[in-house]
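Engineer: below is the sequence, then the predicted model.
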Amino acid sequence: MTPTTTAVLVPFLPFLGAVAGLFLGRRAPGFVRPLAVLPTLAAAALAAVVAAGVGTGPATDVATRLTPTGSVPIDLALHLDGFAVLIAVLVGVVATCVQIYSTGYLRDDPRYPSYAALVSLFTSAMLLVVYTGDLMVLLVGWEVMGICSYFLVGHYWETEAARAASLKAFLVTKLGDVPFLFGIFALAADTGTFRITGILGSVARDGLDHPTLIALLLLAGVAGKSAQFPLHTWLPDAMAGPTPVSALIHAATMVAAGVYVVARLLPVFAASAAALVVLAVMAAITMIGSGLAALAQDDVKRVLAYSTVGQLGYMTGALAVGDRGAAVFHLLSHGAFKALLFLGAGALIHAAGTNSLSAMSRMSGLDRRVPDAYWTVTVALLALAAVPPFSGFFSKEAVLGAAEHAATGGAAGIPGAAGWTVLISGLIAALLTAGYATRLWLLAFRGSGPEAPDHGPQPLAMKAVLWVLFVPTAAFGLAAPFLPDWFDGRSLIPTLTTSVLGTGIVLVGGLVTYATWRHTTAPATRTAAVGAATDPGRVLLGPLYRPAAAGFHLDAVYRALFVRPVRAAAVLVRFLDREVVDTYVRAAGTGPRWLGAAVRRAQTGNVQTYLGALLAGALVLAVAAVLVATGTGA
């Protein structure tokens, strides 16, 4: 098969698996797991074949006209370059790991068939976003992921938290999708095409008429999908869904889509210096704010959720300084270690026997009971904190190196302010990341919470997946010298300045957190409650702890600014509809009804009454005729 034909099968196979799973899930339960795993596994293998076929050569771009529109046409297009094929491999591998892991994690769940089908559809939609070369087709995958996330986050719909989280995720992302859609339309109006290659060619030749407006509209959608400030609040709440779903959303789908779209359309954003500065500021606030919030969370999944928000901030920061190679490198590296972290957290929760025991203050002895999760999660946390020689060190240093390059004026067309903003905030975020990663490890594996009952050995599928993801988490950084050939040719090897500075900051953050933990667990402090006494986050953040634990009350701000006014407007509209509109409607029916009642009184059925009325009417007519005649004669 040609690379094009093979690439078509990559998103199509999970889609077929999803359809088959939905139809056969209850009729033939024995086929559910094979239909969940095998199509996704085949898609991952074919994505690797496509990547090997495309390699470091020129991009493959093919299209066929999907439908005539009368103005800007829509094409069913494929665009295969180094960025697309490597991200497709990431999506396929992580989705396969999630499906295999879920066969053990959700083996007793009665809704597993629908869950597995939705995961396959989710995977297919993300692969469509990655491979397509037309923005309108990309929008289809973009929106399908939104509806899949709604159902998957709300998988445990019996709980109020899951219902609220799924609705919040759907509405917040849709809030960003509306301006995103208008941005696509404005981009097509300026360039005359939805094809990504055509758009980039038009930008290179003639430029855009409204670059800042278009970039900011697109950024709204990216902020919603990739959980960037100020539309990031849905992601921590989405932890109410099954843990494998969290791994899929955070590592390879949904939140990665926004970063990927900016990377594909980076010349559009680079056409506006103001848009790059806005992107840099958005990334800076996201990195620092999420780091502070992660340092104050007690739920291990919420710590990882805020961590994802911050790591996505690194990626958008790299894009703000014009280096999409560094951004996608960190996207690939982050996908490996964040999938491992979430699936490792799922192993901890599974060992505790209930999702409610994901609070780190209630964990104890898990390093002995789940040694596979202990060792793999430890390495994943080292990668998250960017400790050399693990993958996160190389990818995060690539981002910081790109920011330093832009800050010193080495990147043509990139504002120096954007470079300095990303560099300084990135270093601060590195300090915070090392702090909350160390805190998570200490509280989860060295905590003094009550010992949870042992729920038996974990399924082999869950343990095997952790070790599969361990390999790229530990070793993917070694690919840094070779990735520029797949990307834009810019070096991704860490620079001396940022490497020394970044590593030093990481060591300081980790050591300070550890020292604080040792101090708070000293015998003299045992008089306090266990959770408060052993949490270094309370000491390190001080008065910021409570606001950070509540996400700096952004949800309360949004309720005051948006939710309450909308509800008040709904109450007003309901009142006007009931008391004004319905009053006119009722009056329109009441008038004829009254007239009918008056006329009905004359219909007595008595012949004498009818004759009397007839004679009276004739007499009235006669008198009127005489009066008219008399007046005329006069």
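Structural biologist: Structure's in. What do you need?
Engineer: the stretch 501-634 of the chain: helices as residue ranges?
Structural biologist: Along the stretch 501-634 of the chain, counting by DSSP state H, counting those that start in this stretch, helices occupy 530-533, 536-541, 545-549, 554-558, 564-576, 582-601, 607-633.
Engineer: deepest-packed of these, please.
Structural biologist: helix 536-541 (a mean of 21; mean count of other Cβ atoms under 10 Å). In this view, the C-beta of every residue, glycine as well, is placed from N, C-alpha and C.
Engineer: centroid-nearest residue for this protein?
Structural biologist: Nearest to the geometric centre of the chain sits Val255, at 3.7 Å (Cα atoms, centre = their mean).
Engineer: for it, what are its contacts?
Structural biologist: Lys225, Ser226, Ala227, Leu235, Ile249, Thr308, Leu312 (Cβ atoms under 8 Å, 6 or more residues apart in numbering).
Engineer: so the residue nearest to Ile285 when sequence neighbours are not counted: helix, strand or coil?
Structural biologist: What sits nearest to Ile285 in space, not counting adjacent residues and going by Cβ to Cβ, 6 or more residues apart in numbering, is Phe229, at 4.6 Å. Three-state assignment for Phe229 (DSSP: H, G, I helix; E, B strand; the rest coil): coil.
Engineer: ok, how many other residues are close to Phe229?
Structural biologist: 21 (other Cβ atoms under 10 Å).
Engineer: and the gap between it and Gly504?
Structural biologist: 27 Å (Cβ to Cβ, to the nearest Å).
Engineer: and Leu319, by the same measure?
Structural biologist: Leu319 is 26 Å from Gly504, by Cβ to Cβ.
Engineer: just the buried residues of the stretch of helix or strand Ala47 belongs to, please?
Structural biologist: Using DSSP states H and E, Ala47 sits within helix 32-54. Within helix 32-54, the residues that count as buried by 16 or more other Cβ atoms under 10 Å are 32-33, 35-37, 39-51, 53-54.
Engineer: what do you get for stretch 163-183?
Structural biologist: Quick answer for stretch 163-183 (16+ other Cβ under 10 Å): 165-166, 168-170, 172-173, 175-177, 179-183.
Engineer: immediately after the lengthiest helix in the chain, which helix or strand?
Structural biologist: Longest helix of the chain, by residue count under DSSP state H: helix 160-191. Scanning forward in sequence from helix 160-191 by DSSP H and E, the next helix or strand is helix 196-205.
Engineer: and the contacts of that next one?
Structural biologist: 61, 77, 79, 133-135, 187-188, 190-193, 208, 264-265, 267-268, 271.
Engineer: repeat the analysis, applying 10 Å as the threshold.
Structural biologist: Here helix 196-205 makes contact (Cβ atoms under 10 Å, 6 or more residues apart in numbering) with 59, 61, 63, 72, 75, 77, 79, 81, 132-135, 138, 184, 187-188, 190-193, 195, 208, 211, 261, 264-268, 270-271.
Engineer: output the contacting helices and strands for the very next helix or strand once past it.
Structural biologist: Sequence-wise, the next helix or strand downstream of helix 196-205 (DSSP H and E) is helix 211-225. Other helices and strands packing on helix 211-225, by 3 or more Cβ pairs under 10 Å, 6 or more residues apart in numbering; DSSP states H and E, are helix 135-153, helix 160-191, helix 255-264, helix 266-270, helix 273-294, helix 300-320.
Engineer: can you do 6 Å?
Structural biologist: helix 160-191, helix 255-264, helix 273-294 (3 or more Cβ pairs under 6 Å, 6 or more residues apart in numbering; DSSP states H and E).
Engineer: which residues are contacting stretch 152-161?
Structural biologist: Contacts with stretch 152-161, where a contact means Cβ atoms under 6 Å, 6 or more residues apart in numbering, come from Tyr115, Leu118, Ala162, Arg163, Ala165, Ser166, Ala169, Ala238, Ala240, Gly241, Pro242, Val245.
Engineer: need the residues you listed in CSV with pLDDT and distance to Ala294, can you?
Structural biologist: Shown next, in CSV, are these (pLDDT from 0 to 100; distance: Cβ to Cβ, whole Å):
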residue, pLDDT, distance to Ala294
Tyr115, 94, 28
Leu118, 96, 28
Ala162, 92, 22
Arg163, 93, 25
Ala165, 93, 18
Ser166, 94, 23
Ala169, 94, 19
Ala238, 92, 15
Ala240, 89, 18
Gly241, 89, 19
Pro242, 91, 21
Val245, 93, 20
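Engineer: of those residues, which is the nearest to Val607?
Structural biologist: Among the contacts of stretch 152-161, Arg163 lies closest to Val607 (Cβ to Cβ), at 70.7 Å.
Engineer: against Ala305, how distant is that closest one?
Structural biologist: 18 Å.
Engineer: cool, Tyr112 as well?
Structural biologist: 24 Å.
Engineer: the more surrounded of these two?
Structural biologist: Ala305 (28 against 22).
Engineer: surely that one meets Pro236?
Structural biologist: Yes - taking Cβ atoms under 6 Å as the definition, Ala305 is a contact partner of Pro236 at 4.3 Å.
Engineer: and Leu496, how many neighbours does it have?
Structural biologist: Residues near Leu496, counting by other Cβ under 10 Å: 8.
Engineer: next, give phi and psi for the residue nearest to Ile285.
Structural biologist: Backbone torsions for Phe229, taken as degrees, to the nearest 10, come to phi -50, psi 130.
Engineer: ok, it - contacts?
Structural biologist: Met282, Ile285, Thr286.
Engineer: how about a cut-off of 8 Å?
Structural biologist: Ala223, Met282, Ile285, Thr286, Gly289.
Engineer: from those, which is closest to Lys396?
Structural biologist: Among the contacts of Phe229, and counting by Cβ to Cβ, the member closest to Lys396 is Thr286, at 14.9 Å.
Engineer: in this structure the closest one contacts Gln228, no?
Structural biologist: Yes - with contact defined as Cβ atoms under 8 Å, Thr286 reaches Gln228; the gap is 5.0 Å.
Engineer: doesn't Ala63 lie inside a strand?
Structural biologist: Yes - assignment of Ala63 by three-state DSSP places it within a strand.
Engineer: about what we covered before: who has more neighbours out of Leu319 and Gly504?
Structural biologist: More crowded of Leu319 and Gly504, by other Cβ under 10 Å: Leu319, with 28 against 13.
Engineer: could you check the pLDDT of that one?
Structural biologist: With respect to pLDDT, Leu319 scores 97.
Engineer: also Ala51?
Structural biologist: 94.
Engineer: same check, this time on the one 5 residues further on
Structural biologist: pLDDT, the model's per-residue confidence, is 81 for Thr56.
Engineer: what's the helix holding Ala47 packed up against?
Structural biologist: helix 3-24, helix 82-105, helix 112-131 (3 or more Cβ pairs under 8 Å, 6 or more residues apart in numbering; DSSP states H and E).
Engineer: and it, how far out from the chain's middle?
Structural biologist: 23 Å (Cα atoms, centre = their mean, to the nearest Å).
Engineer: cool, stretch 66-84 as well?
Structural biologist: Counting by Cα atoms, centre = their mean, stretch 66-84 comes out at 24 Å from the chain centroid.
Engineer: ends of it, how far apart?
Structural biologist: Stretch 66-84 has an end-to-end distance of 21 Å (Cα to Cα, to the nearest Å).
Engineer: mind listing residues that contact that stretch?
Structural biologist: 3-4, 7-8, 50, 54, 56, 59-65, 130-134, 136-137, 188-189, 192-197, 260, 263-264, 324, 328, 485-487.
Engineer: for Thr513, what are its contacts?
Structural biologist: Ala434, Gly435, Tyr436, Thr438, Arg439, Leu442, Pro536, Leu540.
Engineer: repeat that for Ser307.
Structural biologist: Contact analysis of Ser307 by Cβ under 8 Å, 6+ apart lists Ser290, Ala294, Lys338, Leu341, Leu384, Thr433, Tyr436, Ala437.
Engineer: let's see 10 Å
Structural biologist: So Ser307 contacts 250, 290-291, 293-294, 297, 334, 338, 341, 381, 384, 432-433, 436-437, 440 (Cβ under 10 Å, 6+ apart).
Engineer: if I look at Ser166, how far off is Ala326?
Structural biologist: 34 Å.
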